[in-house]
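> coords please:
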Amino acid sequence: MQVTAMEIYRLLPKTNCAKCGEASCMAFATKLSDKETDLELCTQLAANEMEELENLLAPAVREITIGKRDKTFVVGGDEVLYRYELTYYNQTPIIIDVNDDMDEEALAQRVKIIEESEFERTGETLVLDGIALRNSSGNADKFAETASKLKSSKLPLVLCSLDPVAMKAALENVGDERPLIYAATENNFDEMAELALEYDCPLAIFVPNDLEKMKEISNILRSKGVHELVLDPGTYVNDGIGDTLDNFVMIRRLAIEERDEDFRFPIMGIPALTWLYEKDEIQGGIKEATVAATLMNKYADMLIIHGTNIWELIPVLTLRQSVFTDPRKPQAVDAGLYEFGELNEDSPVALTTNFALTYYTVEGDLKSGKSNCYLLVLDTEGRAVDVSLAGGQLTGASVAELIKDSGIEDKVKTRTLIIPGLAAPISGEIEDDSGWEVLVGPRDSSGMPDFFHKLEEKQEAK
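Down below sits the predicted model:
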């Protein structure tokens, strides 16, 4: 459950000194509850009071930072089981694996692909987040040498070996980068714990399909002073992932509902294991993407993936973008006037809403069609055309106000507005309130360039 502002307020000094930047301690408590400010801004707390508040504010799932400086990602931090209850924090990092037995050229090429893979969706650039080095060779020196080559990478590292000797050799080269150590097991947790403490690195626990044993090892590691843990209960992909999902859900319930200290850590999934059973690139890529998407929907806080084909990565990355948006705040762009192409006083004027997905779809269609037009973007509180029409944000009065405030009337001599096809029911209302003639455009923005072309032909015929 989310900590309430009143629970926080009871532990604050109640002096209303305003040194934190808020007018009162209650206002500060409200901001803390909504994760909109930092506790450190309160300068009147004693050390013990600060510690008590930090414990209260700590999320059910502990936040773990992997990497250092500008090469970091944070996993965990969730407060709720269901996104609609609040939101999910710290989006799931997508980590791509490399092997220590790859030749130098192949390794460099794969790292380049990982670092440069990106695409834009609704104004956000979607990228990969890290590199997982696997000790495929079984050789400690090779593992350490490859780790050293990856030190110049732009991304944080995950070191994957169950051999403490190989892990120590690699950490001697890249331990100052604060990689995730993968992994402590029933057979090596003492040695791995020593390495985690020596190099100040987070540590993953790998205990396949045995949550009681995982709890036992987590408890032991915490008693040794290792408090930054990631949990891997195993990813089973050959005969279905039912057991994997059961374990993920149980761990998250124990963390959030029971506040079980041994399970209050991020969960790792490894869809890359798909490739142990699938050799066909297309079938393997599809299955891996499906497993990754399913695990992300069931609390995976980080994922290790093997495939780098963009057709495999796009569905995983776009799902992540959707899951980790705040459901209380629809994605929106700034309202106002936007310009496309070469414009003059006869250029057409179109209308859309400020829902991000709507706007960027329209933008993409206008640019790909090389359209020359003005685009008025109405503030509908991040709602699409049909939703804002039903909700009363898209009205004749609101469009008339946008026309007036945008300054479009000083840029064009025409007084014709092209509205989305879905907004046809209020075309008359817009005309009455704005004084502009309204043309109903296509329902799908992909038809806009052709619509403009035909409109231009009509004007030339006159």
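> and residue 361, how many neighbours?
Residue 361 sits with 17 neighbouring residues when counted by other CB atoms under 10 Å. C-beta coordinates here come from the backbone N, C-alpha and C atoms, glycine included.
> same question for residue 218.
Neighbours of residue 218 using other CB under 10 Å come to 24.
> please apply the same query to residue 109.
Residues near residue 109, counting by other CB under 10 Å: 12.
> against residue 308, how distant is it?
With distances taken as CB to CB, to the nearest Å, residue 109 is found 10 Å from residue 308.
> same question, residue 450
37 Å.
> so these two - more neighbours on which side?
More crowded of residue 450 and residue 308, by other CB under 10 Å: residue 308, with 15 against 12.
> what's the pLDDT at that one?
pLDDT, residue 308: 96.
> from residue 58, how far out is the residue nearest the centre of the chain?
Most central in the chain under CA atoms, centre = their mean is residue 91, positioned 3.5 Å from the mean C-alpha point. Separation of residue 91 from residue 58 (CB to CB) stands at 20 Å.
> and residue 415, by the same measure?
Plainly put, residue 415 is 59 Å away from residue 58 if you go by CB to CB.
> and residue 131, what does it touch?
Counting by CB atoms under 8 Å, 6 or more residues apart in numbering, residue 131 touches 95-98, 111, 114, 150, 153, 155-158.
> can you do 10 Å?
Contacts for residue 131 (CB atoms under 10 Å, 6 or more residues apart in numbering) come out as 95-98, 110-111, 114-115, 150, 153-159, 179, 304.
> that's a helix at it, yeah?
No: with DSSP: H, G, I helix; E, B strand; the rest coil as the criterion, residue 131 is assigned strand and is not in a helix.
> tell me the bridge partners for it.
residue 96, residue 157 (DSSP bridges).
> what are the buried residues along the longest helix along the chain?
Ranked by residue count and defined by DSSP state H, the top helix of the chain is helix 281-297. For helix 281-297, burial by neighbour count (16 or more other CB atoms under 10 Å) applies to 284-296.
> go on, stretch 318-326?
319-320, 323, 325.
> any chance of JSON lines for these, columns secondary structure and pLDDT?
Output for the buried residues of stretch 318-326, formatted as JSON lines (DSSP: H, G, I helix; E, B strand; the rest coil; pLDDT from 0 to 100):
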{"residue": "319", "secondary structure": "helix", "pLDDT": "95"}
{"residue": "320", "secondary structure": "helix", "pLDDT": "96"}
{"residue": "323", "secondary structure": "helix", "pLDDT": "92"}
{"residue": "325", "secondary structure": "coil", "pLDDT": "85"}
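> could you export the residues you listed as TSV, including distance to residue 165?
TSV is the format used below for the buried residues of stretch 318-326 (distance: CB to CB, whole Å):
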residue	distance to residue 165
319	39
320	36
323	39
325	44
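> what are the ranges of the strands in the stretch 51-200 of the chain?
64-68, 71-75, 94-99, 118-121, 124-127, 130-134, 157-160, 180-184 (DSSP state E, counting those that start in this stretch).
> low-confidence ranges in the stretch 351-462 of the chain?
462 (pLDDT under 70).
> can you give me the buried ones in stretch 303-319?
For stretch 303-319, the neighbour count (16+ other CB under 10 Å) marks 303-307, 312-313, 316-317, 319 as buried.
> what does stretch 422-437 give?
For stretch 422-437, by 16+ other CB under 10 Å, it's 422-423, 426-427, 429-431, 433-434, 436.
> could you tell me which of these belong to helices?
427, 429-431, 433-434.
> which phi and psi does residue 378 have?
phi -90, psi 140 (degrees, to the nearest 10).
> and it, what is it in contact with?
335-336, 351-355, 385, 388, 393-395, 398-399, 401-403, 406, 419, 423.
> is it true that residue 273 touches residue 234?
Yes: with contact defined as CB atoms under 10 Å, residue 273 and residue 234 form a contacting pair (9.0 Å).
> gap between the two ends of stretch 436-450?
Taking CA to CA, to the nearest Å as the measure, stretch 436-450 stretches 22 Å from start to finish.
> list the buried residues in it.
436, 438, 441-442, 445, 448-449.
> return the member of those residues nearest to residue 211.
Taking CB to CB as the measure, residue 211 lies nearest residue 445 of the buried residues of stretch 436-450, at 49.4 Å.
> residue contacts, that closest one?
So residue 445 contacts 350, 352, 358-359, 361-366, 369, 385, 420-421, 451 (CB under 10 Å, 6+ apart).
> residue 195 now?
159, 164, 167-168, 170-171, 175, 181, 184, 188, 201, 203, 226.
> out of those, the closest to residue 66 would be?
residue 201 (8.5 Å).
> returning to that earlier point: filter the contacts of residue 131 to the buried ones?
Here, 16+ other CB under 10 Å leaves 95-98, 110-111, 114, 150, 153, 155-159, 179, 304 buried among these.
> which of these lies closest to residue 280?
residue 97 (18.6 Å).
> that closest one and residue 304, how far apart?
Applying CB to CB to residue 97 and residue 304 gives a distance of 6 Å.
> which residues do the two both contact?
130-132, 134, 158, 160, 270, 272.
> most neighbours, which of these?
Going by other CB under 10 Å, residue 160 tops the shared contacts of residue 97 and residue 304 with 29 neighbours.
> dump the residue contacts of that residue.
Residue 160 neighbours (CB under 10 Å, 6+ apart): 95, 97-100, 132-136, 143, 166-167, 170, 179-183, 204, 206, 270, 272, 304.
> repeat that for 8 Å
Residue 160 neighbours (CB under 8 Å, 6+ apart): 97, 132-135, 182-183, 304.
> cool, and residue 380?
Per CB under 8 Å, 6+ apart, neighbours of residue 380: 353-355, 387-388, 391, 393-394.
> list the helices and strands the helix or strand containing residue 460 packs on?
Assigned by DSSP states H and E, residue 460 belongs to helix 448-461. Applying 3 or more CB pairs under 8 Å, 6 or more residues apart in numbering; DSSP states H and E, one finds that helix 448-461 contacts helix 356-368.
> still on that earlier bit, going by distance to residue 17, which of the ones in helices among the buried residues of stretch 422-437 wins?
Nearest member of these to residue 17, counting by CB to CB, is residue 433, at 49.5 Å.
> contact partners of the longest helix of the chain?
Outside helix 281-297, the residues touching it (CB under 8 Å, 6+ apart) are 92, 94, 235, 237, 241, 244-245, 248, 269, 271-272, 274-275, 278, 300, 303, 305-307, 309, 311-313, 315-316, 319-320, 323.
> likewise for stretch 326-335?
Contacts of stretch 326-335 (CB under 8 Å, 6+ apart): 83-84, 87, 122-123, 325, 354-357, 359-360, 377-379, 381-383, 402.
> again with stretch 255-264
60-62, 78-81, 214-215, 218-219, 222, 231, 251, 254, 265.
> among the residues you listed, which pair sits farthest apart?
80 and 219 (25.0 Å).
> which one of these two is surrounded by more residues?
residue 80 (18 against 12).
> ok, the closest residue to that one other than its chain neighbours to residue 400 distance?
Take residue 80 and drop its neighbours on the chain: the residue closest to it by CB to CB, 6 or more residues apart in numbering is residue 86, 4.7 Å away. Look at residue 86 and residue 400: by CB to CB, they are 38 Å apart.
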